[in-house]
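# Using only what follows, build the 3D model:
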Amino acid sequence: MQLVINTYGSYLRKNGDCFLIKYIPDGASEEKVFEVSARKVDSIMITTSAYLSTDAIKFAMDNNIDIIFLDKFGNPYGRVWHSKLGSTTLIRRCQLEIAETEKGLDLAKEWIMTKFSNQIELLDRLKNSREEKEKEIVRYILMLKELREKINNLTGSLEEKRGSIMGLEGSGGKVYFDAINFVMPERFKFAGRSRQPAKDEFNCMLNYGYGVLYSLVEKGCLIAGLDPYIGFVHTDNYNKKSLVFDLIEMFRILVDKTVVYLFSQRQVKKEYFDRLKNGLTLNKEGKKVVIEALNKTFDKGVRYRGRNIKNKDIIQFECHHIANNLIKD
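You can find the predicted model right below:
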């Protein structure tokens with residue numbers, strides 16, 4: 001489970017084999033206290049101003065629990081993690097060696113095609129319950145399939161085809177979000193993607209969910225021994241975790257379908273959002289709704305590569321799969 005601290009002034013410390021959290025609920029005057037065993041915690045997410053004891057931080061490190069700090073838009077701005085490198089340095093050498101080769105292109109193609117396939121599958125599910133919109137949704141699906149095929153047909157080195165990949169991916173993104181907007185409830189329609197801040201409620205929730213997902217993908221890279229800064233599709237830049245931006249594409253669907261279903265099942269209220277000068281941000285109640293829904297999605301059991309695991313574990317397994325294949329090659 002993710003231990004989420006989202007109440008201003010909360011206090012986290014170690015108590016035996018447990019984390020102890022003290023906080024005062026909004027509108028209350030009395031302090032509340034609860035404990036959770038470290039064995040039940042995968043990560044600690046802090047979304048507001050809070051106090052942490054050094055004992056709690058060391059306890060988390062000793063149990064391979066990372067502490068992630070999110071800003072008001074859901075973007076991770078810091079992480080406390082132990083100082084050990086995951087696995088062998090050979091993996092990082094292999095990343096550098098194949099990043100600009102044909103094998104690098106094959107990896108990049110696989111990640112983007114997986115993203116398109118996930119999007120097609122979601123749209124296919126949505127059309128099955130929307131008979132009156134089925135014909136138009138099918139049109140969007142066919143467009144995504146055509147773009148996926150163009151990605152599949154790319155040959156050469158990654159350096160030569162990076163622009164083509166990013167162009168096709170961008171075209172696919174527009175098609176996909178036009179389709180999602182088409183099935184949105186009328187009062188929550190949106191005009192494409194918008195970020196930091198979001199211009200509408202859908203993008204506001206989506207951005208926050210992507211921020212949570214980003215922290216899981218980064219953790220997956222670190223544990224598998226992959227260097228988050230050595231990317232393939234996304235180019236190197238100062239302090240840019242390019243590989244995380246590459247790999248997150250395969251897993252965005254976990255956030256997409258969570259947020260889409262929150263809207264389609266009418267679980268979203270206008271009261272979950274605060275107005276900014278040039279957009280919207282999620283308030284505490286809105287963040288709670290998104291995080292609870294995401295945790296249900298992450299903890300859902302699925303069949304993956306011949307085994308039964310949780311959705312969130314697919315991220316770690318896929319990072320290990322990539323690292324193992326790099327060494328094998």
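# Mind jotting down where the helices sit in this structure?
54-62, 89-98, 102-128, 134-152, 158-183, 201-224, 242-247, 252-264, 284-298, 311-328 (DSSP state H).
# ranking those helices by burial, who's on top?
Neighbour counts (mean count of other Cβ atoms under 10 Å) averaged over each of these peak at helix 201-224, with a mean of 24. In short, each C-beta sits where N, CA and C put it, glycine included.
# CA atoms of that one as PDB?
The C-alpha coordinates for helix 201-224 follow below in PDB (Å, rounded to 0.1, in the frame of the first residue of the first chain):
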ATOM      1  CA  GLU A 201     -11.100  19.200 -14.600                       C
ATOM      2  CA  PHE A 202     -10.200  16.100 -16.600                       C
ATOM      3  CA  ASN A 203      -6.600  17.200 -17.300                       C
ATOM      4  CA  CYS A 204      -6.300  18.300 -13.600                       C
ATOM      5  CA  MET A 205      -7.000  14.800 -12.400                       C
ATOM      6  CA  LEU A 206      -5.000  13.200 -15.200                       C
ATOM      7  CA  ASN A 207      -1.900  15.300 -14.400                       C
ATOM      8  CA  TYR A 208      -2.100  14.500 -10.800                       C
ATOM      9  CA  GLY A 209      -2.400  10.800 -11.500                       C
ATOM     10  CA  TYR A 210       0.600  10.900 -13.900                       C
ATOM     11  CA  GLY A 211       2.700  12.500 -11.200                       C
ATOM     12  CA  VAL A 212       1.900   9.600  -8.900                       C
ATOM     13  CA  LEU A 213       2.700   7.100 -11.700                       C
ATOM     14  CA  TYR A 214       6.000   8.900 -12.500                       C
ATOM     15  CA  SER A 215       7.300   8.200  -9.000                       C
ATOM     16  CA  LEU A 216       6.500   4.500  -9.400                       C
ATOM     17  CA  VAL A 217       8.300   4.300 -12.700                       C
ATOM     18  CA  GLU A 218      11.300   6.100 -11.400                       C
ATOM     19  CA  LYS A 219      11.400   3.600  -8.400                       C
ATOM     20  CA  GLY A 220      11.100   0.700 -10.900                       C
ATOM     21  CA  CYS A 221      14.200   2.000 -12.800                       C
ATOM     22  CA  LEU A 222      16.300   2.400  -9.700                       C
ATOM     23  CA  ILE A 223      15.500  -1.100  -8.300                       C
ATOM     24  CA  ALA A 224      16.100  -2.700 -11.700                       C
END
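# so what secondary structure elements neighbour it?
If contacts are counted by 3 or more Cβ pairs under 8 Å, 6 or more residues apart in numbering; DSSP states H and E, helix 201-224 sits against strand 43-46, strand 66-70, strand 76-80, helix 242-247, helix 252-264, strand 279-282, helix 284-298, helix 311-328.
# Just want the angle from it to helix 311-328.
50 degrees (axes from the mean of the first three to the mean of the last three Cα atoms, to 10 degrees).
# what's the least confident stretch among the helices of the chain?
Across the helices of the chain, helix 89-98 has the smallest mean pLDDT, namely a mean of 85.
# for Leu168, what are its contacts?
Ile112, Leu147, Lys150, Ile151 (Cβ atoms under 8 Å, 6 or more residues apart in numbering).
# follow-up on the earlier one: closest one to Phe116 among the helices and strands packed on helix 201-224?
Comparison of these against Phe116 by Cβ to Cβ identifies helix 252-264 as nearest, at 10.3 Å.
# What angle do helix 158-183 and the closest one make with each other?
Going by the same axes, to 10 degrees, helix 252-264 makes 10 degrees with helix 158-183.
# what sits up against stretch 95-113?
148, 151-152, 154-159, 161-162, 165, 168-169, 226-227, 230-233, 243, 246-247, 249-250, 322, 326, 329.
# Now do the contacts for the closest residue to Asn75 other than its chain neighbours.
Closest residue to Asn75 apart from its sequence neighbours, by Cβ to Cβ, 6 or more residues apart in numbering: Gly211 at 4.6 Å. In this structure, Gly211 makes contact with Leu70, Asp71, Phe73, Gly74, Asn75, Pro76, judged by Cβ under 8 Å, 6+ apart.
# And for His320?
His320 sits in contact with Ile223, Ala224, where contact means Cβ under 8 Å, 6+ apart.
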